[in-house]
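Visitor: Just need the structure, nothing else, for what follows:
(one chain, ligands or ions: 1)
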Amino acid sequence: MLSGKRIILGVTGGIAAYKAAFLLRAYQKAGAEVRVTMTPAATKFVGTDTFSSLSKHPVAVDVFPKNNTTVDTWTKHISWGEWADLFVIAPCTANTLGKIAYGLSDNMLTATVLAARCPLLLCPTMDGEMYESPAVYKNLQTVQNFGYHILEPEEGYLASGLEGKGRLPEAETILEKSAEIIRKHQKNGPLAGKKVVVTAGPTREHIDPVRFISNPSSGKMGFAMAEAAQNLGADVTLIHGPVSLDKPADIKAIEIESTADLFEQVKNHANADVVIMAAAVSDFTPKNKYSNKVKKDKAESSIELEQTTDILSWLGDHKKDGQVLIGFAMETENLIENATTKLNKKKADWIVANTLTDEEAGFQSDKNKVHLLGRNGSAKFEGLKREVAQKILNYIFPDNT
Ligand code: CTP
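Guide: I've put the predicted structure just below:
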């Protein structure tokens with residue numbers, strides 16, 4: 001969900017400021033791009049260099065920095081406020097909370113709050129007594145009435161040595177909340193209200209309970225397509241073969257094993273608005289499947305195979321009005337020619353063609369290089385699989401709002 005998202009991380013002057021560095025890394029690991037703004041007080045706890053090195057971007061602190069008076073610097077709060085999908089202030093001190101509640105803009109962080117066009121998440125972090133003070137209580141209510149989101153602090157051991165409610169929640173909790181907020185604000189994406197089915201990973205065709213025919217698909221590209229569709233507001237169902245990837249948050253996932261299972265599930269969801277066949281489907285299955293393990297001294301030296309159903313072709317033949325069918329083509333030679341043949345033969349609307357011969361692409365890689373071929377256009381994308389997946393869907397479903 002956070003893949004490709006732009007986050008402004010606001011860090012204020014509390015002891016938990018050091019945890020913001022780990023939070024930044026967690027956002028990046030989830031695929032988000034992060035820029036950091038700090039209050040001057042926060043820089044007493046952690047240096048700006050830590051955040052600029054990690055975010056690979058200058059850190060905004062003062063509206064009018066001493067050594068730089070370029071327009072780009074003092075208008076950063078405006079451009080960043082427009083750039084971001086989410087502005088997260090973690091930790092948010094009582095002081096900054098108070099300024100936000102009263103609309104003050106005496107540093108880059110508070111100025112950016114006023115300029116932000118994106119949702120705002122505040123993670124108030126302070127000593128328990130301060131958190132329970134009437135002023136903080138009132139300010140929290142005020143900012144909630146502005147429509148800002150609050151992630152309540154957790155109970156536990158505090159820097160003052162006291163126990164109480166005031167600790168910054170774990171990065172994982174902040175990420176989950178961030179994803180939830182972005183999703184809620186995304187109801188307007190080009191796939192909002194659309195049902196999207198994505199198939200991913202390999203299928204396994206069992207010979208007997210302990211042996212099977214399969215392929216090295218990791219499922220990474222299919223999972224990335226599912227998250228990319230969710231990022232555009234779609235209601236996504238992910239049907240996947242055996243993979244060792246974490247299930248994407250908030251995506252309905254159905255696990256299958258064989259091509260026959262996959263076909264069954266695809267038929268159940270064939271009324272979707274968009275079907276993305278990223279699964280590496282086995283073309284053959286053993287004609288005889290043994291229910292007990294075949295002993296090696298009793299085994300035949302050859303296995304008779306039969307073809308599986310071509311699911312994408314079946315979808316092409318049973319396409320409902322307005323449905324968009326996106327297939328993949330994995331080729332080792334004549335990429336464009338073979339992929340174009342698949343596009344036409346399987347009656348797909350788009351084929352994402354990739355080749356195994358490229359070092360920066362392929363089954364297990366985190367990266368991919370693809371040619372997107374369609375009836376109304378074609379394009380080339382490369383990069384991390386999740387970036388490529390997003391580019392593919394952004395190209396097919398442009399946001400015209
Ligand atoms: N596909 C499918 N059902 C199959 C085989 C493939 O739905 N039984 C889908 C894949 O999910 C992919 C597209 O068809 O979207 C192309 O798959 P690919 O393996 O590249 O091609 P094949 O059709 O299997 O043809 P070949 O193996 O001859 O290249």
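Visitor: How many neighbouring residues does the residue lying closest to residue 30 once chain neighbours are set aside have?
Guide: Setting aside the residues directly before and after it, residue 30 is nearest to residue 2 in space (Cβ to Cβ, 6 or more residues apart in numbering), at 4.1 Å. No exception for glycine: its C-beta is placed from N, CA and C like everyone else's. Counted with other Cβ atoms under 10 Å, residues neighbouring residue 2 total 24.
Visitor: Could you pull up the residues touching residue 2?
Guide: 27, 30-32, 175, 178-179, 182 (Cβ atoms under 8 Å, 6 or more residues apart in numbering).
Visitor: Helices - which of the residues you listed land there?
Guide: Among the contacts of residue 2, the members falling in helices (DSSP state H) are 27, 175, 178-179, 182.
Visitor: Most neighbours of all those residues, which one?
Guide: residue 178 (27 neighbours).
Visitor: now the helices: where do they sit in this protein?
Guide: Under DSSP H, the chain gives helices at 19-29, 48-55, 71-74, 76-83, 94-101, 108-115, 128-131, 134-145, 171-184, 220-231, 259-268, 311-317, 335-345, 385-396.
Visitor: Of those, flag the one that's most buried.
Guide: Across the helices of the chain, the average number of neighbours (mean count of other Cβ atoms under 10 Å) peaks for helix 220-231, which reaches a mean of 28.
Visitor: tell me what that helix is packed against?
Guide: Judged by 3 or more Cβ pairs under 8 Å, 6 or more residues apart in numbering; DSSP states H and E, the packing partners of helix 220-231 are strand 195-200, strand 235-240, strand 274-277, helix 385-396.
Visitor: Show me what from this protein comes close to the ligand.
Guide: 259, 277, 279, 281, 283, 308, 310-312, 327-330, 342 (Cβ under 6 Å from any ligand atom).
Visitor: Now list the buried members of these.
Guide: 259, 277, 279, 281, 308, 310-312, 327-330, 342 (16 or more other Cβ atoms under 10 Å).
Visitor: what's the domain layout of the protein?
Guide: 6-187, 189-396 (automatic domain parsing).
Visitor: Tell me how far residue 301 lies from residue 294.
Guide: Distance, residue 301 to residue 294, using Cβ to Cβ, to the nearest Å: 12 Å.
Visitor: and what of residue 278?
Guide: Using Cβ to Cβ, we find residue 278 at a distance of 33 Å from residue 294.
Visitor: more neighbours, those two?
Guide: residue 278 (25 against 15).
Visitor: wouldn't residue 248 be in contact with residue 238 here?
Guide: Yes: counting by Cβ atoms under 8 Å, residue 248 does reach residue 238; the two are 7.0 Å apart.
Visitor: For these two, indicate the residue with more neighbours.
Guide: residue 238 (27 against 19).
Visitor: On the strand side of things, show who that one bridges to.
Guide: Note on residue 238: beta-bridge partners by DSSP bridges are residue 198, residue 253.
Visitor: Would you mind confirming that it makes contact with residue 255?
Guide: No: with contact defined as Cβ under 8 Å, residue 238 does not reach residue 255; the gap is 9.4 Å.
Visitor: how about the nearest residue to the closest residue to the ligand within the stretch 1-150 of the chain, chain neighbours excluded?
Guide: Across the stretch 1-150 of the chain, no residue is closer to the ligand than residue 3, which sits at 21.7 Å (Cβ to the nearest ligand atom). Spatial nearest neighbour of residue 3, chain neighbours left out: residue 31 (3.3 Å); criterion: Cβ to Cβ, 6+ apart.
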